[in-house]
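Peer 1: pasting the sequence and the predicted coordinates here, then a few questions.
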Amino acid sequence: MKKDRQTKNPQSYRDRSYRALAELSGLRETFVRVKETDLHILSECDVTKPAGELTLTFRLQVEHYIEAFPEFALSRAPLSDDKLAVPIIRDMIAAGRNADVGPMAAVAGAISEYVGKGLIDRGCKEIIIENGGDIFLQRSRDCTIAVFAGDSPLSNRVGLQISSSRMPLGICTSSGTVGHSMSLGSADSVTVLAASAVMADAAATRLGNEVGTGNNKKDGINRALDVAGRLPDIRGALVICGEVMGAVGEVELVPLD
């Protein structure tokens, strides 16, 4: 069976050339851009209108909450739950608390997941949504996810094999060397798998921070993987620093040409 390939983690916010590597496998492409949100959607049907509406809805929910509570956008530490907030806000707060980071560390994954589930509720059965390297994945067939890791010699040379039985799945990456998102570490890529893309995004940020900025790559990777084993609700993690990589949990690696 031919498997889909989707590349993780863009080289930069404006450089989306990696998207050309995705195998469509009969799926249709849709692009939705609203400010920082930049979605690449693959689905079995035309989702242009509903995807745009859903993206705008969830973006506005986040923006309006930030207007009312500016610390939501500024805090690098977990925040207390707000039982009156809309679900996407509460999920971001919960993911930040579980990963010990600020809630905005989960925003890209949250948009991907909420738009993806919204499209499923509207009848779509095959959905891949990539938002700056953070993926919500729901397919009826196995997929291979190629991992972009900047200048690492392992970049696009290893992939994650994902069984359809594990979906829906969130696959999110943080990097200290590429991309526009904030990371306090020096890993070329930290990729996290979780049932929730919201949690995967927050956890990837936390693990990227754990790698640190020291010269001992193995120690940084081991430290991140040790924390990954203790974080709730994640299924696996892959860390790449230069020519060194390590993984924990439900990570099935495959070589790529």
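Peer 2: Looks like it came in fine.
Peer 1: can you report how many residues lie near the closest residue to M104 other than its chain neighbours?
Peer 2: With sequence-adjacent residues excluded and distances taken as Cβ to Cβ, 6 or more residues apart in numbering, M104 is closest to A73, at 5.6 Å. (Glycine included, C-beta is placed from N, CA and C.) A73 has 15 neighbouring residues, counting by other Cβ atoms under 10 Å.
Peer 1: what's the average pLDDT for stretch 57-68?
Peer 2: Here stretch 57-68 scores 98 as its mean pLDDT.
Peer 1: so how far is that stretch off the chain centroid?
Peer 2: With Cα atoms, centre = their mean, to the nearest Å as the basis, stretch 57-68 stands 20 Å off its chain's centre.
Peer 1: what's the helix or strand for K49?
Peer 2: helix 48-68 (DSSP states H and E).
Peer 1: same deal with V190?
Peer 2: Per DSSP H and E: strand 189-194 holds V190.
Peer 1: which residues touch that strand?
Peer 2: Strand 189-194 has contacts (Cβ atoms under 8 Å, 6 or more residues apart in numbering) with 8-9, 147-150, 152, 155, 160, 162, 169-175, 178, 200-201, 203-204, 207-208, 211, 224, 228, 233-240, 249-251.
Peer 1: please repeat the previous calculation with a cut-off of 6 Å.
Peer 2: Identification of contacts with strand 189-194 by Cβ atoms under 6 Å, 6 or more residues apart in numbering yields 9, 147, 149, 170-175, 200, 203-204, 207-208, 233-240.
Peer 1: what about V251, neighbour count?
Peer 2: Neighbourhood size, V251 [other Cβ under 10 Å]: 16.
Peer 1: the residue lying closest to it once chain neighbours are set aside bridge partners, please.
Peer 2: Closest residue in space to V251, ignoring its immediate chain neighbours: G236 at 4.0 Å, by Cβ to Cβ, 6+ apart. Legend: beta-bridge partners of G236 under DSSP bridges are L193, G249.
Peer 1: G236 reaches E250, doesn't it?
Peer 2: Yes: at 4.3 Å, G236 and E250 qualify as touching, with contact defined as Cβ atoms under 6 Å.
Peer 1: between those two, which has more neighbouring residues?
Peer 2: Just comparing G236 and E250: by other Cβ under 10 Å the higher neighbour count belongs to G236, 20 against 15.
Peer 1: show me what contacts D91?
Peer 2: Here D91 is in contact with V198 (criterion: Cβ under 6 Å, 6+ apart).
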